[in-house]
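Undergrad: Requesting a structural model of the entry that follows:
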Amino acid sequence: MRLLASFFILLFSSVALAQEPYPGRPLRFILPFPPGGGTDILGRLIAERLAANLGQPVVTENRGGAGGNVGAEAAARSAPDGYTIVLVAPSLAISPSLYSKLNYDPVKDFAPVSLVAQVPNVMITHPSVPAQTLAEFVSLAKSKPGGMNFGSGGSGTSNHLAGELFNLAAGVKLVHIPYKGVNLAMNGVLAGEVQLAFIGIPVPAPHIKAGRLRALAVLARERSAALPEVPTAEEAGLPNFDVTTWYGILVPSGTPRPIVMRLNSELVKIMHSPEMKQRLGGMATETMTSTPEEFAAYIRQEIAKWGDVVRKAGLKAD
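TA: Numbering: from 1, shown residues only. Below you'll find the model as predicted:
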């Protein structure tokens with residue numbers, strides 16, 4: 001009788017849990033990069049507004065390392081119950097071709113929720129580098145094959161692959177110097193440790209305006225309102241060099257569809273609110289959203305794009 005009673009208690013508890021309104025407790029929001037960078041800043045803004053909309057705390061957790069793979073793996077291994085979400089960037093699409101073995105599958109192990117934002121990147125160098133323009137920088141790099149370098153936020157990050165793509169597109173041989181975060185790579189340029197870095201506009205903009213950094217080109221189809229005097233890469237003589245950093249939110253594969261759609265609906269409200277558009281617009285960040293299916297297709301497209309760069313550059317991170 002006791003066993004039978006225990007069975008029914010467990011059964012009814014499970015049914016009650018299944019019928020519990022979502023969300024019924026705090027959410028964990030994994031940010032796969034160190035504090036202070038674009039992912040961290042954007043993630044905390046979203047977390048604050050998502051918590052207000054859902055009526056539950058959304059606790060951010062920085063899990064940096066291995067070009068975003070540490071945080072992505074932690075999210076992939078989490079329970080598919082809607083209480084763990086992760087903010088991803090292009091590194092998610094780069095890792096499958098860059099690493100010979102990943103402990104997660106960026107397509108099979110996640111359910112896409114929505115794209116949320118995109119940020120144009122800018123090429124920065126130190127004012128002491130004798131190159132006033134992108135064309136002059138390319139000429140200087142060609143005169144010193146292997147003698148100049150570029151910094152990134154780590155192997156497999158989008159700013160690393162942007163540098164490798166630049167090597168291929170410009171016909172130069174800059175040496176890759178990985179840092180533990182793109183902000184540290186920017187600091188490397190400020191200190192003269194590296195000659196070039198590719199980074200989202202919001203962080204270096206104050207240094208560019210103050211003359212501590214020189215912007216060579218914006219890696220987008222149009223000039224940025226935040227740096228209107230800086231030409232696009234095409235205007236500066238390097239066509240088809242558009243490297244925009246995108247951000248999107250995923251949940252573990254198997255998360256119930258109604259929860260995915262609830263999160264998608266809340267993100268659409270948040271990202272298209274006038275207050276969020278104005279806040280991010282001041283940081284040269286464009287808000288955007290998508291359906292889960294559109295985001296899934298975009299991830300597959302990005303995996304193919306960056307896989308081609310990795311193969312042509314002959315890269316391996318392990």
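Undergrad: Thought residue 146 was touching residue 173, still the case?
TA: Yes - between residue 173 and residue 146 there is a contact under CB atoms under 8 Å: 5.2 Å. All C-beta spots, glycine's among them, are computed from the backbone N, C-alpha and C.
Undergrad: who's more crowded, the two?
TA: residue 173 (14 against 10; other CB atoms under 10 Å).
Undergrad: Relative to residue 226, how far out is that one?
TA: Distance, residue 173 to residue 226, using CB to CB, to the nearest Å: 31 Å.
Undergrad: tell me, what residue is most central in the protein?
TA: Nearest to the mean C-alpha position of the chain, counting by CA atoms, centre = their mean, stands residue 89 at 2.3 Å.
Undergrad: wait, doesn't that residue sit right on residue 243?
TA: No - Residue 89 lies out of contact with residue 243 (CB under 8 Å); the separation is 12.0 Å.
Undergrad: Spit out the residues that contact these two alike.
TA: residue 158 (CB atoms under 8 Å, 6 or more residues apart in numbering).
Undergrad: now the lengthiest strand in the chain: mean pLDDT?
TA: As assigned by DSSP state E, the longest strand anywhere in the chain is strand 110-125. On average, the pLDDT along strand 110-125 is 96.
Undergrad: Alpha carbons of it, as PDB, please.
TA: Provided in PDB are the C-alpha atoms of strand 110-125 (Å, rounded to 0.1, in the frame of the first residue of the first chain):
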ATOM      1  CA  PHE A 110      19.900  23.600 -29.800                       C
ATOM      2  CA  ALA A 111      16.500  25.000 -30.600                       C
ATOM      3  CA  PRO A 112      16.800  28.500 -32.000                       C
ATOM      4  CA  VAL A 113      14.600  31.200 -30.500                       C
ATOM      5  CA  SER A 114      15.400  34.400 -32.300                       C
ATOM      6  CA  LEU A 115      18.100  36.700 -33.700                       C
ATOM      7  CA  VAL A 116      18.300  39.800 -31.500                       C
ATOM      8  CA  ALA A 117      20.900  42.200 -32.800                       C
ATOM      9  CA  GLN A 118      23.800  42.900 -35.200                       C
ATOM     10  CA  VAL A 119      26.800  45.100 -34.900                       C
ATOM     11  CA  PRO A 120      29.100  46.300 -37.700                       C
ATOM     12  CA  ASN A 121      32.800  45.700 -37.100                       C
ATOM     13  CA  VAL A 122      35.600  48.300 -37.600                       C
ATOM     14  CA  MET A 123      39.200  47.700 -38.400                       C
ATOM     15  CA  ILE A 124      41.400  49.500 -35.900                       C
ATOM     16  CA  THR A 125      45.100  50.200 -35.700                       C
END
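Undergrad: Counting by contacts, list what the following helix or strand past that strand packs against.
TA: The helix or strand immediately downstream of strand 110-125 is helix 134-143, counting by DSSP states H and E. The contact analysis (3 or more CB pairs under 8 Å, 6 or more residues apart in numbering; DSSP states H and E) places helix 134-143 against strand 214-219.
Undergrad: what does the strand it packs on contact?
TA: Applying CB under 8 Å, 6+ apart, the contact partners of strand 214-219 are 120-127, 129, 131-134, 137, 162, 196, 198, 201, 204, 208, 224, 227, 230-233, 235-236, 238, 241-244.
Undergrad: returning to what we had before: and the gap between the residue nearest to the centre of the chain and residue 273?
TA: Distance of residue 89 to residue 273, given as CB to CB: 22 Å.
Undergrad: Ok, residue 283 next?
TA: The value you get for residue 283 to residue 273, if CB to CB is used, is 15 Å.
Undergrad: go on, residue 265?
TA: With distances taken as CB to CB, residue 265 is found 13 Å from residue 273.
Undergrad: surely residue 34 meets residue 181?
TA: Yes - here residue 34 reaches residue 181: they are 4.3 Å apart, a contact under CB under 8 Å.
Undergrad: okay, and the common contacts of these two?
TA: residue 64.
Undergrad: low-scoring stretches of the stretch 201-318 of the chain, by residue?
TA: Residues of the stretch 201-318 of the chain that meet the criterion pLDDT under 70 lie in 318.
Undergrad: residue ranges of the strands in it, please?
TA: Under the criterion DSSP state E, counting those that start in this stretch, strands of the stretch 201-318 of the chain are mapped to 214-219, 244-252, 286-287.
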